[in-house]
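# Below: sequence and its predicted model.
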Amino acid sequence: MAAADFFATVQKIYIAYYGRAADIGGLYYWAGRLDAANGNLNEIINAFGNSAEYTQISAGKTYGQLIDQIYLNLFNRTADAEGKAFYTNLLTTGAKTLASISLDILNGARNNDLTIIQAKQDAAAQFTAALDTPLEVNSYTTSTMGLVKDWLSQITGTNTGEVDASKTVALADINATIREMIGDITPPAKPQITGFTDDSGAAGDFLTKDQTLTLSITAETRSTVEVFLGAQSLGTATETGTAGVFTFTTAALANGVQSFTVKATDAAGNVSVASDAVAVTVDATAPLALLSVSDSAIKVGDTATVTVQFNERVSGLTADDFTVGSGSISGVTSTDGITWTATYTPTVDVENASNVVTLAVGGVSDAAGNANTLSFSTGNYTVDTKAPTVSSITLSDSALKVGETSTVTVVFSEAVSGLTTADFAVENGSLSNRDHQRPDLDGHVHPHQQRRRLDQPDQHFGWRSQ
């Protein structure tokens with residue numbers, strides 16, 4: 001067997017003789033003595049009865065009072081009259097020692113007495129185990145033993161339910177009792193979360209794109225600072241080289257509002273009230289945009305409005321953030337940071353059927369500092385700012401006599417409109433009878449083709465010269 005196998009027995013003897021839980025040193029010492037004696041209690045029981053602590057406890061007491069003390073320590077009651085008389089007689093006649101009588105009482109416990117001593121033994125074991133720092137171990141001295149006795153005496157009752165309930169209360173009081181033994185029952189001052197990094201939004205707006213935050217905390221120096229996300233404990237902060245200043249780095253956080261608090265626990269186990277909550281909004285999502293252009297067929301003299309619709313407020317959009325097909329962007333503006341407009345002006349002397357306006361990657365940032373990670377483009381639009389040219393001017397008769405006329409045919413590079421006889425300078429004649437003609441399938445223009453409306457745009461025009 002090992003010394004630990006006798007811990008329960010030693011705790012019971014401490015309760016019977018001293019009315020308290022064993023201290024760490026005494027528990028290991030007496031358990032070791034029992035182990036060496038193969039569990040023979042007679043090897044140690046008289047030593048308990050002759051100890052300085054018991055001598056002080058029993059000084060000036062009659063045999064009857066000593067018997068009552070053992071009953072009070074074990075069962076929270078005095079001995080019944082018959083039992084007290086029986087044990088007093090054994091002491092008076094010298095038939096038994098007080099040590100052997102205490103063992104008889106302990107081993108003879110039945111019913112509710114047995115329930116109480118078992119509950120006390122278990123609670124005492126938990127109390128001794130809770131003395132897990134040098135400060136706590138060293139605080140368990142002669143001057144503080146009375147606190148432990150009072151604590152253990154809470155366990156009582158007339159039935160199992162009452163005993164169990166009182167034991168639960170006592171177990172909940174272990175840390176408070178230890179703090180009182182240490183002599184420090186004042187909790188630390190209220191700690192504070194003073195900031196965090198990286199605050200990628202505007203300073204003090206508690207908005208960030210960083211999903212891993214480092215909190216800055218002030219608390220009582222050398223205290224243990226526990227960090228909470230809502231009701232969930234995240235762990236303890238680390239004190240920096242500056243006394244009372246702590247830091248804590250979180251794991252990756254989800255998007256949304258994250259509310260942090262901290263509590264400080266001093267060396268005596270006193271716990272502060274929670275700090276004020278600090279709510280940080282985590283936004284690690286890049287903004288999205290939809291681009292459109294108000295005109296899909298842009299001509300000379302035209303401008304168009306380019307609209308950029310974002311899914312959230314953004315800033316930093318300028319004309320330099322766009323790649324523009326066959327033109328330029330100017331006047332980029334917004335009233336709400338979500339809908340932006342700009343003026344598109346086409347390039348002069350261009351004819352291009354395939355054009356888009358594209359917002360470049362990284363052109364804007366949202367309030368948390370997220371830049372757009374995708375490019376976005378308008379639909380296609382055409383641009384025609386190139387002036388038409390005259391492909392040819394021909395006469396049906398190049399040698400006219402008096403009374404003769406000739407048909408003048410003008411062929412343009414593309415369909416035009418608005419051409420009249422006033423647009424021509426004619427030497428030695430005049431133009432009249434405008435015919436607006438199209439070529440036939442062989443590509444020829446015939447003066448006898450039907451007349452067209454004068455305002456109908458086309459590529460081929462004919463006049464009769466006279």
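Perfect, I can see it now.

# residues touching residue 16, list them.
Contacts for residue 16 (Cβ atoms under 8 Å, 6 or more residues apart in numbering) come out as 70, 73-74, 102, 105-106. Quick note: C-beta positions are derived from backbone N, CA and C, even for glycine.

# Kindly reformat those residues as JSON lines containing pLDDT, neighbour count and distance to residue 163.
Converted to JSON lines, the contacts of residue 16 look like this (pLDDT from 0 to 100; neighbours: other Cβ atoms under 10 Å; distance: Cβ to Cβ, whole Å):
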{"residue": "70", "pLDDT": "93", "neighbour count": "22", "distance to residue 163": "19"}
{"residue": "73", "pLDDT": "93", "neighbour count": "24", "distance to residue 163": "16"}
{"residue": "74", "pLDDT": "94", "neighbour count": "23", "distance to residue 163": "13"}
{"residue": "102", "pLDDT": "87", "neighbour count": "25", "distance to residue 163": "21"}
{"residue": "105", "pLDDT": "93", "neighbour count": "21", "distance to residue 163": "18"}
{"residue": "106", "pLDDT": "89", "neighbour count": "20", "distance to residue 163": "17"}
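
# Where strands are concerned, which of the residues you listed count?
Among the contacts of residue 16, no member falls in strands (criterion: DSSP state E).

# now the residues you listed in JSON lines, with distance to residue 418?
Below are the contacts of residue 16 laid out as JSON lines (distance: Cβ to Cβ, whole Å):
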{"residue": "70", "distance to residue 418": "126"}
{"residue": "73", "distance to residue 418": "120"}
{"residue": "74", "distance to residue 418": "120"}
{"residue": "102", "distance to residue 418": "127"}
{"residue": "105", "distance to residue 418": "127"}
{"residue": "106", "distance to residue 418": "123"}
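
# Show me the helices in the chain, by range?
Remark: helices assigned in the chain by DSSP state H are 7-18, 24-36, 42-49, 52-58, 63-75, 81-93, 98-107, 111-130, 134-139, 145-152, 160-172, 174-182.

# so which of those helices is the most packed in?
Sort those by mean neighbour count, taking mean count of other Cβ atoms under 10 Å, and helix 7-18 sits at the top with a mean of 22.

# Helix 42-49 and that helix, what's the angle between them?
Angle, helix 7-18 to helix 42-49, by axes from the mean of the first three to the mean of the last three Cα atoms, to 10 degrees: 40 degrees.

# Tell me how this structure divides into domains.
Here the domain assignment for the chain is 3-182, 192-282, 289-384, 390-465, based on automatic domain parsing.

# ok, of the ones you listed, where does mean pLDDT dip lowest?
Among the domains of the chain, domain 390-465 carries the lowest mean pLDDT, a mean of 68.

# burial measure for residue 59, as a count.
Neighbourhood size, residue 59 [other Cβ atoms under 10 Å]: 7.

# ok, so what distance separates it from residue 133?
34 Å (Cβ to Cβ, to the nearest Å).

# hang on, the earlier thing: would you list the helices of the chain in TSV and tack on distance to residue 280?
Listed next are the helices of the chain as TSV, based on distance: least, Cβ to Cβ, whole Å:
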stretch	distance to residue 280
helix 7-18	49
helix 24-36	44
helix 42-49	60
helix 52-58	56
helix 63-75	55
helix 81-93	68
helix 98-107	59
helix 111-130	36
helix 134-139	36
helix 145-152	43
helix 160-172	34
helix 174-182	32
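
# Between those helices, which one is closest to residue 391.
Closest to residue 391 of the helices of the chain is helix 174-182 (Cβ to Cβ; 101.5 Å).

# counting contacts, what elements does that closest one pack onto?
helix 111-130, helix 134-139, helix 145-152 (3 or more Cβ pairs under 8 Å, 6 or more residues apart in numbering; DSSP states H and E).

# can those helices go into TSV with extra columns for distance to residue 400?
Shown next, in TSV, are the helices and strands packed on helix 174-182 (distance: least, Cβ to Cβ, whole Å):
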stretch	distance to residue 400
helix 111-130	127
helix 134-139	127
helix 145-152	134
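
# Could you check these and tell me which one is nearest residue 321?
Across these, the minimum distance to residue 321, taken as Cβ to Cβ, is reached by helix 134-139, at 62.9 Å.

# And the closest one, how far out from the chain middle?
Chain-centre distance of helix 134-139: 38 Å, with Cα atoms, centre = their mean, to the nearest Å.

# Quick check: residue 156 touching residue 166?
Yes: using Cβ atoms under 8 Å, residue 156 makes contact with residue 166 at a distance of 5.6 Å.

# ok, now how distant is residue 280 from residue 252?
Per Cβ to Cβ, residue 280 is found 14 Å from residue 252.

# what about those two, which has more around it?
It is residue 280, of residue 280 and residue 252, that has more neighbours when counted by other Cβ under 10 Å, with 22 against 10.

# in the stretch 301-450 of the chain, which spans are strands?
In the stretch 301-450 of the chain, the strands defined using DSSP state E, counting those that start in this stretch lie at 304-310, 314-315, 322-324, 327-334, 339-346, 351-355, 357-359, 365-366, 376-377, 381-384, 390-395, 406-416, 431-436.

# Nearest to residue 224, out of those strands?
The nearest among the strands of the stretch 301-450 of the chain, by Cβ to Cβ, is strand 365-366 at 38.1 Å.

# now what about that closest one, what contacts it?
283, 286-287, 312-316, 371-372.

# can those residues go into JSON lines with extra columns for neighbour count and distance to residue 125?
Shown next, in JSON lines, are the contacts of strand 365-366 (neighbours: other Cβ atoms under 10 Å; distance: Cβ to Cβ, whole Å):
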{"residue": "283", "neighbour count": "21", "distance to residue 125": "52"}
{"residue": "286", "neighbour count": "19", "distance to residue 125": "58"}
{"residue": "287", "neighbour count": "22", "distance to residue 125": "61"}
{"residue": "312", "neighbour count": "16", "distance to residue 125": "60"}
{"residue": "313", "neighbour count": "13", "distance to residue 125": "62"}
{"residue": "314", "neighbour count": "22", "distance to residue 125": "64"}
{"residue": "315", "neighbour count": "10", "distance to residue 125": "65"}
{"residue": "316", "neighbour count": "11", "distance to residue 125": "66"}
{"residue": "371", "neighbour count": "15", "distance to residue 125": "61"}
{"residue": "372", "neighbour count": "22", "distance to residue 125": "64"}
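
# Kind regards, and thank you for your time.
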